[in-house]
Structure formats: structure tokens, C-alpha cells
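> how would this look folded up:
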Amino acid sequence: MPHELDQKMKPIFSLTALAFTTAALLPTMGYCADAAHAAKHAAHWTYGGATGPAKWASVDEKFGTCAIGHTQSPIDIRTADVQAAALPAISFDYKPTPLKIIDNGHTVQVNIAPGSSITVGDTRYDLLQFHFHKPSEERINGKSYPLVAHLVHKSEAGQLAVVAVLLDKGAKQPLIQAVFDNLPKAKEQETLVPGLGIDLNGLLPENRAYYSFAGSLTTPPCSEGVSWFVLKTPVQISAEQIARFGHVYAMNARPVQPLNGRVVQASQ
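Predicted coordinates:
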């Protein structure tokens with residue numbers, strides 16, 4: 001799936017979350033037109049070697065949370081330890097959007113036009129972008145999936161919420177195909193695909209039950225306070241689609257992080 005201030009913890013319907021300033025997160029998430037420019041001047045981090053996940057905190061002093069944070073993402077969800085809870089359903093209100101793609105140097109990201117959102121309990125989160133990781137950063141009982149799509153949202157108060165859609169090998173997925181057929185040739189340049197829109201409802205499984213936990217960004221600066229919703233039901237994509245993304249990013253997943261006493265809940 002798409003780099004900063006941590007504030008005091010505040011509850012969100014049985015989870016904990018931090019309020020973030022939008023400006024602090026722009027370089028990581030690519031929320032605005034200046035994100036690509038900012039990325040060019042940001043500290044260089046990767047998914048392997050001397051600047052890989054184990055070294056992120058030493059790449060830049062602003063990335064210290066990657067090493068010392070206590071609610072880091074991703075995690076391995078062990079279903080035997082998950083607590084069933086009366087969590088609210090996620091109400092998806094996604095609208096068709098022009099296809100705007102950027103290869104930001106770490107993943108393929110699609111930026112979303114204003115108007116799409118989710119509502120969880122009393123909180124509405126606007127959909128900003130979605131991006132991909134190979135393999136899935138989230139694991140279920142130790143199992144990773146070929147890909148995952150992270151759908152990144154932000155509330156009016158600045159709280160982040162990420163919906164993770166696990167992508168498993170199977171039939172071709174039409175929305176994924178539209179994105180992968182139009183992958184940018186150059187990095188860090190947003191491309192608008194003329195005359196082509198997408199509807200994110202087509203990426204969601206019919207069953208939208210989810211696992212929920214308090215976590216962080218999975219990329220530097222690893223800021224905490226992100227509410228995570230991992231949909232239980234995977235969506236199928238084809239072997240060709242998996243390979244197509246793999247030609248661009250063979251591996252761009254952070255290893256799973258310790259729970260540190262966190263509780264993972266599951267909706268009914």
C-alpha cells in the first residue's frame with residue numbers, strides 16, 4: 001500500500017489514537033502535490049541493507065519512533081488471542097475518482113479526489129490515498145499474503161485510519177488491473193490517466209468484518225496513533241497481477257512488530 005508528530009493518546013471506541021498534524025505526515029503519505037518534491041529531499045530509507053527497517057532509526061533522527069515505539073505496525077494477528085467485541089461496522093462511502101498514480105520510490109500509490117470516506121462509530125475519515133505492499137505487511141496466524149492494499153484515511157481532527165485489504169492469489173481483479181495497466185514510467189511524478197476513473201467499492205470484499213488495533217505508520221517516521229482496520233476476508237488477484245507489481249517492487253514490506261501488550265479486537 002502510500003514522515004511525524006506524536007501527541008497524547010486519546011480513545012477511539014475502545015482503541016487508542018493520537019492526533020497528528022497533516023503537515024507532519026505529508027512526506028510519508030503523499031497527501032499533496034508537494035509530497036514528491038519533499039521525498040526527493042528526505043532521508044533515504046529502503047527495505048533492505050544498511051538503510052533497511054532495522055536501521056531506519058539511524059537514517060534520520062526524526063525516525064526514532066521506528067526503534068522505540070510501543071505500538072508499531074505491522075503485526076501478526078493471532079486469531080486465538082483476538083477478542084471478539086461489539087465494534088461498529090465500517091460504513092464505506094466511496095465515490096468514483098480520477099485515476100491519479102504516483103510511484104513515490106517506495107510503493108505505487110493512487111491519490112484520491114475529495115469526497116470518499118468511511119465512518120466508524122461517530123468518526124468520519126476522508127479517504128486520501130491507497131498503496132500496495134509486497135508481500136502483505138500484516139500476517140494472520142503467521143501467514144502473509146502476496147499483496148496488501150492500504151487505504152489511508154484522515155479525520156477532521158487529524159486522526160489517521162488505515163483499512164488493509166489483503167490480496168490473495170486467484171482471479172484477476174478489475175480495479176487492480178486498471179491501476180497496474182497504467183503504472184508510471186517515472187518515479188515521484190503523479191500521473192493523471194486521461195478519461196479513466198476508478199471506484200474503490202470494487203476493491204472491497206463483500207464481507208467487511210475486520211480486526212482492529214492501535215498501531216503506527218509502517219514507513220518512517222513510524223508515527224504512532226494510527227487506527228488499523230484489517231478486513232478479515234481477502235480479495236483475489238491474479239498471478240499475473242502479483243508478478244506485474246513485483247517487477248516494480250519485489251519486496252516493500254516492513255517486518256511484523258511486537259504487540260507489547262496491545263489487544264487486537266474483531267468485529268462480528
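> let me know the average pLDDT across stretch 154-168.
Average pLDDT, stretch 154-168: 98.
> how long is it end to end?
One end of stretch 154-168 sits 27 Å from the other (CA to CA, to the nearest Å).
> stretch 189-204 too?
27 Å.
> got the buried residues for that stretch?
Neighbour counts over stretch 189-204 (16 or more other CB atoms under 10 Å) mark 190, 193, 198, 200, 203, 204 as buried. Every residue, glycine included, has its C-beta placed from N, CA and C.
> can you check the pLDDT for the residue in the chain sticking out farthest from the centre?
Here the chain reaches farthest from its C-alpha mean at residue 195, the gap being 26.4 Å by CA atoms, centre = their mean. On pLDDT, residue 195 comes in at 93.
> torsion angles phi and psi at it?
phi 70, psi 10 (degrees, to the nearest 10).
> repeat that for residue 206.
phi -70, psi -40.
> what about it, neighbour count?
Around residue 206 sit 6 other residues, with neighbours defined as other CB atoms under 10 Å.
> just to check, it is in contact with residue 233?
Yes: contact criterion CB atoms under 8 Å: residue 206 and residue 233 qualify, at 7.4 Å.
> hang on, the earlier thing: measure the residue farthest from the centre of the chain to residue 99 for me?
Separation of residue 195 from residue 99 (CB to CB, to the nearest Å): 9 Å.
> any chance of the buried residues of stretch 189-204 in JSON lines, with secondary structure and distance to residue 91 too?
Formatted as JSON lines, those follow (DSSP: H, G, I helix; E, B strand; the rest coil; distance: CB to CB, whole Å):
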{"residue": "190", "secondary structure": "coil", "distance to residue 91": "29"}
{"residue": "193", "secondary structure": "strand", "distance to residue 91": "29"}
{"residue": "198", "secondary structure": "strand", "distance to residue 91": "20"}
{"residue": "200", "secondary structure": "helix", "distance to residue 91": "14"}
{"residue": "203", "secondary structure": "helix", "distance to residue 91": "16"}
{"residue": "204", "secondary structure": "coil", "distance to residue 91": "12"}
